[in-house]
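*Asks:* Build the 3D model from these lines:
(one chain, ligands or ions: 1)
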Amino acid sequence: MRVKRIVLYFVSVFVLWSCGSFGSFKEEAEEFNIFPVSYDLQIGEKMAEEIASNPKKYPMLSPYRNVHLYAMVQAVVDSILQSTAIQHKKEFVWKVHLLKDDSIVNAFVTPGGYIYVYTGLLKSLEGEHQLAGVLAHEIAHADRRHATRQLTKVLGVDILLRVALSRLQKGAEWRSDVRKITEALIGLSFTRADEREADAKAVEYLCPTSYRADGIAEFFQKLYDQPQPPEFLSSHPHPKKRVKNVRALHKKLQCKGRQTYAERYNRLKALLPRP
Ligand SMILES: [Zn+2]
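*Replies:* Below you'll find the predicted structure:
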């Protein structure tokens with residue numbers, strides 16, 4: 001049943017909206033994470049290996065055949081990483097991978113900062129500032145270590161510890177553990193508090209840059225304004241509130257950046273492989 005649910009999420013859900021809505025922001029933000037930071041990196045590394053080894057499920061765009069495209073997306077990540085508000089800038093990897101599936105408007109990040117972006121998301125965005133907003137949101141999930149905390153709740157602590165600590169163990173059971181947490185990550189429902197924090201951090205990270213720092217709200221609004229918004233948007237209780245919160249914070253922080261780099265983003269889109 002869980003696998004079925006995860007597959008369903010994987011196919012249809014945009015991760016920024018898919019997230020659950022329980023608990024208060026304050027409680028969640030103060031919740032204790034039992035893992036040392038180094039475990040995030042180790043777990044993320046194993047997940048990245050699993051993703052790379054399963055091209056059928058995770059159809060990676062070759063970084064060697066798409067050097068320019070990768071460089072353009074990575075450059076957006078690198079400009080976000082200039083923010084002094086990112087705590088684990090040096091410890092985590094912050095490396096982008098692109099997944100080729102135009103039907104999936106989604107992005108996700110592993111613990112430790114391996115960032116995955118679907119071509120469906122890149123095609124649906126208008127302007128580099130929107131991509132920056134989505135990437136900053138994902139960076140915040142990793143930097144604030146939301147996934148390890150949430151995966152612990154969903155799967156239990158044992159499996160994460162086994163994966164983090166087993167360096168030499170590569171048996172069938174170990175692989176199945178890694179597969180399980182990777183699949184769980186992609187279908188993961190973050191708490192509403194985690195989502196709010198990632199939205200707010202996205203604005204905070206982008207505020208000192210030349211980007212318009214509320215790009216993520218613009219993208220949310222665009223999805224919401226479609227004649228037939230995705231099912232998960234119409235059923236989500238607070239999509240408009242997230243847009244409102246991001247815009248309010250953008251105003252409060254008096255972010256000066258105005259750039260959308262629309263032309264440059266069009267050049268990026270032109271590099272995407274044809275369907
Ligand atoms: Zn999110």
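*Asks:* which residues in the stretch 101-250 of the chain form helices?
*Replies:* Ranges of helices within the stretch 101-250 of the chain are 119-124, 128-143, 146-155, 157-165, 172-186, 192-206, 215-225, 231-235, 239-252, based on DSSP state H, counting those that start in this stretch.
*Asks:* Return the most buried member of the ones you listed.
*Replies:* helix 128-143 (a mean of 27; mean count of other C-beta atoms under 10 Å). Where you see a C-beta, it was placed from the backbone N, CA and C, and this is true even at glycine.
*Asks:* and that one, how far from the chain's centre?
*Replies:* 7 Å (C-alpha atoms, centre = their mean, to the nearest Å).
*Asks:* What angle do helix 192-206 and it make with each other?
*Replies:* Taking axes from the mean of the first three to the mean of the last three C-alpha atoms, to 10 degrees, one finds helix 128-143 and helix 192-206 inclined to each other by 120 degrees.
*Asks:* and helix 128-143 with the ion, contact?
*Replies:* No: on the criterion C-beta under 5 Å from the ion, helix 128-143 is out of touch with the ion, staying 5.6 Å away.
*Asks:* Just the pLDDT for V154.
*Replies:* Looking at V154, its pLDDT is 87.
*Asks:* what sits against it?
*Replies:* A184, L188 (C-beta atoms under 8 Å, 6 or more residues apart in numbering).
*Asks:* next one: L122
*Replies:* Counting by C-beta under 8 Å, 6+ apart, L122 has contacts V73, L98, L131, L268, K269, L272.
*Asks:* one more time with 7 Å, if that's ok
*Replies:* K269, L272 (C-beta atoms under 7 Å, 6 or more residues apart in numbering).
*Asks:* cool, and G257?
*Replies:* Contacts of G257 (C-beta under 7 Å, 6+ apart): L206, T209, S210, Y211, R212, A213.
*Asks:* Please tell me how far the second one sits from L135.
*Replies:* Just to be clear, that refers to T209. Distance of T209 to L135, computed by C-beta to C-beta, to the nearest Å: 12 Å.
*Asks:* ok so, going back, for G112, which of the helices of the stretch 101-250 of the chain is the nearest?
*Replies:* Nearest to G112, of all the helices of the stretch 101-250 of the chain, is helix 128-143, at 6.8 Å by C-beta to C-beta.
*Asks:* Give me the angle between that closest one and helix 215-225.
*Replies:* Using the same axes, to 10 degrees: helix 128-143 against helix 215-225 is 110 degrees.
*Asks:* For helix 128-143, which outside residues touch it?
*Replies:* 16, 76-77, 80, 86-88, 92, 107-109, 111-113, 115, 121, 125, 147, 190, 197-199, 201-202, 205-206, 211-212, 215-216, 218-219, 259-261, 264-265.
*Asks:* Stretch 76-90 too?
*Replies:* 37, 94, 96, 115, 128, 131-132, 135-136, 139, 143, 201, 204-206, 208-209.
*Asks:* what mean pLDDT does that stretch have?
*Replies:* The pLDDT scores in stretch 76-90 average 96.
*Asks:* From one end of it to the other, what's the distance?
*Replies:* Its start and end residues considered, stretch 76-90 measures 17 Å (C-alpha to C-alpha, to the nearest Å).
*Asks:* Only the buried residues of it, if you could.
*Replies:* V76, V77, S79, I80, L81, S83, I86, H88, K89 (16 or more other C-beta atoms under 10 Å).
*Asks:* Include distance to S176 when you put those residues into TSV, please.
*Replies:* Below are those laid out as TSV (distance: C-beta to C-beta, whole Å):
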residue	distance to S176
V76	35
V77	31
S79	38
I80	34
L81	34
S83	37
I86	33
H88	28
K89	33
